[in-house]
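>>> Provided below for reference: sequence and predicted model.
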Amino acid sequence: MGITKLADLIRSEAPGAVSYKDISDYTGKVIALDTSIVVNQFRAATPSLSPLTGVFFRTLTFLEHDIKPVFVFDGKPPGEKTAVLERRAEAAGWSSPNRTGTASQRTNECLHLLKLLGVPVIQAPGDAEALCAWLLREGTVDAVASEDMDTLPFGASILIRQLNAKRDSEVIEYCLPKLLEKLQITHQEIAGLGPKRALTLIQKHRTIENVVLHVNRKTHPVPQFWKYKEARKIFLDAPQTVAPELTWTEPDEEALVGFLCHVKRIKEDRVRRRMEKFRQMRESKREEREKEMAAGRNRQTRMDDFFRVTRKRHQSVEAAESLSSNRKQPKSK
């Protein structure tokens, strides 16, 4: 769907809702991912390679860090999303977007790969982002990882962007409750959120209906066929499904080699080397945990620690806000 410049707006108006972390901060957490976004990332970054290669490497990276990924697949998309899907299909070089929700060959191959990797997959009844957010609200997962900011208006309380293992890469985490508190709006109201002007109007009039009644139609004309009620319904209505039981198993190396190398023609030595590194990393981390537990320094964290800030950049933002508050209200203490 896309909310124009939402990330810029949050950084400008609610920087306290953004924190900067490392992939290791999510050790032991269950993370839901919108599979189509993950696949499209790799297709755009390496168009000459199968995106399955990227999914294979990225998933093993998550598992090495003891992150438990849950891959969610799109179902039948809402009609209101047709224009967005057509633009994405055009950018990706596809003839047309999938409007039926029927699994394509690419989807089936990705499903097969993830099952061989031993990670759970879920078929959403509709939009995968909506189901990811719902899984978080239900307590089935701890956070949602996606590059699409739409995940926030779908109701995901914790959105993670740039969750990868690149050296010096900074993981960005958005906290919806902090965002709503700072902007002084509700989740229902964020579904109508746009750029800064739209935020001001929503804060003043609270609903899109009231904005339409009070906005200057000459300077801000209302589109004739603006389906804002339908769009709001997409964001707010919970998916009609049941929370699944999630299970993770060890990757099946021989089956992975058979599929990736003999079927998809990926070089076998590359797959074997990555699996060997995976085993070594897992064994190394297991030994580290055993040593720490023996020394009485069990690193099992409390839920509060999951959301801790680990970057000085965010600490400086909080310090600046605190200093600004003290200057404005010197007698408030």
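Sure thing, it's come through.

>>> residue ranges with poor pLDDT in the chain?
Low-confidence segments of the chain (pLDDT under 70): 1-4, 78-101, 165, 167-168, 187-236, 238, 240, 297-333.

>>> residue ranges for the strands of it, please.
Under the criterion DSSP state E, the chain contains strands at 18-21, 30-34, 68-73, 121-123, 143-145, 158-161, 171-175.

>>> quick one: strands adjacent to the second one?
Using DSSP bridges, the strands paired with strand 30-34 are strand 68-73 (parallel), strand 143-145 (parallel).

>>> now His262: how far from Val70?
From His262 across to Val70, the span is 28 Å (Cβ to Cβ, to the nearest Å). Any C-beta I mention is one placed from the backbone N, CA and C, and that applies to glycine too.

>>> Between those two, point out the one with more neighbours.
More crowded of His262 and Val70, by other Cβ atoms under 10 Å: Val70, with 23 against 10.

>>> Show me the beta-bridge partners of the closest residue to the more buried one other than its chain neighbours.
Among residues not flanking Val70 along the chain, Ala32 sits closest, at 4.8 Å (Cβ to Cβ, 6 or more residues apart in numbering). Assessed by DSSP bridges, Ala32 has beta-bridge partners Val70, Val144.

>>> Ala32 contacts Cys132, correct?
Yes: taking Cβ atoms under 8 Å as the definition, Ala32 is a contact partner of Cys132 at 4.1 Å.

>>> overlap in contacts of the two?
The contact sets of Ala32 and Cys132 overlap at Val72, Val141, Val144 (Cβ atoms under 8 Å, 6 or more residues apart in numbering).

>>> Of those, which is the nearest to Val271?
Val72 (25.2 Å; Cβ to Cβ).

>>> dump the residue contacts of the closest one.
Counted by Cβ under 8 Å, 6+ apart, Val72 has contacts Ala32, Leu33, Asp34, Thr35, Val121, Ile122, Ala124, Ala128, Leu131, Cys132, Leu135.

>>> For the closest residue to it other than its chain neighbours, grab the count of nearby residues.
Computed as Cβ to Cβ, 6+ apart, the closest residue to Val72 that is not its neighbour in sequence is Ala128, at 4.4 Å. The tally of other residues near Ala128 (other Cβ under 10 Å) stands at 27.

>>> What of Lys267?
Neighbour tally, Lys267, other Cβ under 10 Å: 11.

>>> residues in contact with the residue nearest to it when sequence neighbours are not counted?
Leaving out its chain neighbours, the residue that sits closest to Lys267 by Cβ to Cβ, 6+ apart is Cys261, at 7.0 Å. Residues in contact with Cys261 (Cβ under 8 Å, 6+ apart) are Lys267, Glu268, Val271.

>>> Tell me which residues touch the second one, please.
Read that as Glu268. With Cβ under 8 Å, 6+ apart, Glu268 has these contacts: Val257, Cys261.

>>> now do Ala143
Ala143 sits next to Tyr26, Lys29, Ile31, Ala32, Leu136, Ala156, Ile158, Leu159, Ile160, Glu173 when contact means Cβ under 8 Å, 6+ apart.

>>> Tell me the spacing between it and Glu254.
Distance from Ala143 to Glu254, by Cβ to Cβ: 33 Å.

>>> possible to save the contacts of Cys261 as TSV with distance to Ala44?
Listed next are those as TSV, based on distance: Cβ to Cβ, whole Å:
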residue	distance to Ala44
Lys267	22
Glu268	26
Val271	23
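
>>> which one of those is nearest Asp22?
Of all the contacts of Cys261, Val271 has the smallest distance to Asp22: 27.2 Å, by Cβ to Cβ.

>>> Run through the residues that contact that closest one.
Contact partners of Val271, counting by Cβ under 8 Å, 6+ apart, are Phe56, Leu256, Val257, Leu260, Cys261.

>>> separation between the second one and Val263?
Think Leu256. 11 Å.

>>> What about Asp269, how many residues nearby?
Number of residues near Asp269 (other Cβ under 10 Å) recorded here: 8.

>>> who wins for proximity to Gly296 among the strands paired with strand 30-34?
Comparing those against Gly296 with Cβ to Cβ, the closest turns out to be strand 68-73 (26.0 Å).

>>> Including neighbour count and distance to Thr249, could the contacts of Ala143 go into CSV?
Converted to CSV, the contacts of Ala143 look like this (neighbours: other Cβ atoms under 10 Å; distance: Cβ to Cβ, whole Å):
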residue, neighbour count, distance to Thr249
Tyr26, 23, 20
Lys29, 19, 18
Ile31, 22, 17
Ala32, 31, 18
Leu136, 24, 23
Ala156, 26, 27
Ile158, 22, 26
Leu159, 29, 28
Ile160, 25, 24
Glu173, 24, 28
